[in-house]
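Q: Sequence and computational prediction follow.
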Amino acid sequence: MITFKLNGQQRTFDGDPDTPLLWVLRDFEKLTGTKYGCGIAQCGACTVHLDGMTRRSCITPIATVDGSEVVTIEGIEGKEAEAVQKAWVAIDVPQCGYCQSGQIMSAVSLLQMTPKPSDDDIDGAMAGNICRCATYQRIRQAIHDAADTMEG
Amino acid sequence: MIRNITFTSISVCLVLNAVIAASNISWAQDKVAAKAVELKPVSTFQSITDEKQRSVALFEEAGKVIQHPRCVNCHPATDRPLQNLTMHPHQPPVTRGDGGMGVPGMMCTTCHGSENVPVIGQAETIKSIPGNPNWHLAPIEMAWEGKSLGAICAQIKDHERNGGKSIDQIVEHMGQDHLVGWAWNPGEGREPAPGTQKAFGELIKAWAQTGAACPS
């Protein structure tokens, strides 16, 4: 039996321990905000926070999550998440939106570790999140805007 | 409605995959050699009577490992790790960051866990995601990419460029370190480094005992 905390709540999973975390989230927990994009950790659509750090859930066996804390797009909170959400809405960052939950999880993680990121910091943090609509310019702008908001 | 959502999701997946495929990025894994490359045992070199020449020969044999892409890929000359036997830049385009652990928002642990993870039922080109509890890049002063074996040898012995290690510590690092040992257990779809870590460690130990001479 695998036990972990998901968005603040204790959860268990007794299926195949090799099941990727992504499919535990989507198929068993019915949290479909985290997306399947490539399945090989190349696109970033499946990004969640595992013990406070970004993690590609598509290549994370649920067995390795035992005892850990997972936060998904449905459960992300805090000043960085609030600032990112407002900034994303303010300039309509998403186009189709498919990659955006992964983009937001990476952006929040960046701001948690680097509250006032440079363009290079943003490019480095977001390098693994592909956007088919190429909203990269708005993503970068929204992260700067969120940082400004947090700064007050 | 459900059918439309499903169709849209599938379409998005296909398009996303097409974006990845069209991005001129190669992430095919190694074409693993049919026959594993072995290392000659230390005893092979006993016939070389000149100790310095024997030391050089031992290091040259160990060099089959040191210059193998499985090792050099994480000793890059830039802030970008390499991948594959072709040693192409790492995809996604990650960078070194503090301590070789990646950058905020994109640490190595975003993808690399404590062990290799087989990728099931996905692309034919990627069979596994590599992992180790201590996954990180070698410091830039330990860059091996593009260097001759002689230059790497001098570098390995240089306290300024080897993390302040003594020769004994180098022997221990090469022969015992768990992350170094990953090179012989790199996960499905990757060619392991030649021989075994034990055989490699014995070559390095014999090299050290014969004066740690470097190839010219």
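A: Looks like it came in fine. Numbers count the residues shown, from 1 in each chain, chains lettered A, B, ... in the order given.
Q: Spatially, which residue comes closest to the residue minimising distance to the centre of chain A, not counting chain neighbours?
A: Centrality entry for chain A: nearest residue to the mean C-alpha point is A:Met105, 2.5 Å, by Cα atoms, centre = their mean. Of all residues not flanking A:Met105 in the chain, A:Thr47 sits nearest, at 4.3 Å (Cβ to Cβ, 6 or more residues apart in numbering or on different chains). Quick note: C-beta positions are derived from backbone N, CA and C, even for glycine.
Q: just checking, the one you found touches A:Val108?
A: No - using Cβ atoms under 8 Å, A:Thr47 makes no contact with A:Val108, being 9.9 Å away.
Q: For those two, indicate the residue with more neighbours.
A: A:Thr47 (34 against 28; other Cβ atoms under 10 Å in any protein chain shown).
Q: Kindly state the beta-bridge partners for that one.
A: A:Arg56 (DSSP bridges).
Q: Now do the contacts for residue 147.
A: In the absence of a named chain, this looks at chain A. Contacts of A:Ala147 were listed using Cβ atoms under 8 Å, 6 or more residues apart in numbering or on different chains, and they are A:83, A:111, A:115-117.
Q: meant chain B, my bad for not saying
A: Residues in contact with B:Lys147 (Cβ under 8 Å, 6+ apart) are B:Gln155.
Q: Could you pull out the strands in the chain for me?
A: This is for chain A. If DSSP state E is used as the criterion, the strands of chain A fall at A:2-6, A:9-13, A:47-50, A:53-56, A:69-71.
Q: let's do chain B instead
A: Using DSSP E, strands in chain B cover B:82-83, B:88-89, B:102-103, B:106-107, B:117-118, B:128-129.
Q: any weak-confidence spans in chain A?
A: Within chain A, not a single segment meets pLDDT under 70.
Q: quick check: domain ranges of it?
A: A:2-71, A:79-151 (automatic domain parsing).
Q: Let me know how buried residue 29 is, in neighbour terms.
A: Picked chain A for this. A count of nearby residues for A:Glu29, using other Cβ under 10 Å, gives 19.
Q: actually chain B
A: B:Gln29 has 21 nearby residues by other Cβ under 10 Å.
Q: quick one, what contacts the residue nearest to it when sequence neighbours are not counted?
A: Among residues not flanking B:Gln29 along the chain, B:Gly189 sits closest, at 3.7 Å (Cβ to Cβ, 6+ apart). Contact analysis of B:Gly189 by Cβ under 8 Å, 6+ apart lists B:29-30, B:32, B:126-128.
Q: Now do B:Gly189 against B:Thr125, distance only.
A: Note on B:Gly189: its distance to B:Thr125, by Cβ to Cβ, to the nearest Å, is 8 Å.
Q: Common neighbours of those two, please.
A: What both B:Gly189 and B:Thr125 touch, as defined by Cβ under 8 Å, 6+ apart, is the set B:Gln29.
Q: on that earlier part again, right, and the strands of chain B - which one's nearest B:Ala138?
A: Among the strands of chain B, strand B:82-83 comes nearest to B:Ala138, with 11.6 Å by Cβ to Cβ.
Q: any idea of the mean pLDDT for the closest one?
A: Mean pLDDT, strand B:82-83: 97.
Q: Check which helices and strands that strand sits against.
A: Counting contacts by 3 or more Cβ pairs under 8 Å, 6 or more residues apart in numbering or on different chains; DSSP states H and E, strand B:82-83 is packed against strand B:88-89.
Q: tell me how far the ends of stretch A:34-43 are from each other?
A: 12 Å (Cα to Cα, to the nearest Å).
Q: just stretch A:62-78 next, same as before
A: Start-to-end, stretch A:62-78 (Cα to Cα) is 26 Å.
Q: what's it in contact with?
A: A:2-8, A:13, A:15, A:17-21, A:24-25, A:31, A:33-34, A:48-52, A:101, A:104-105, A:108, A:112, B:113-115.
Q: Now that stretch: buried residues?
A: Across stretch A:62-78, burial judged by 16 or more other Cβ atoms under 10 Å in any protein chain shown covers A:62, A:64-65, A:68, A:70-73, A:75-76.
Q: Over to stretch B:159-166?
A: For stretch B:159-166, the neighbour count (16+ other Cβ under 10 Å) marks B:161-162, B:165 as buried.
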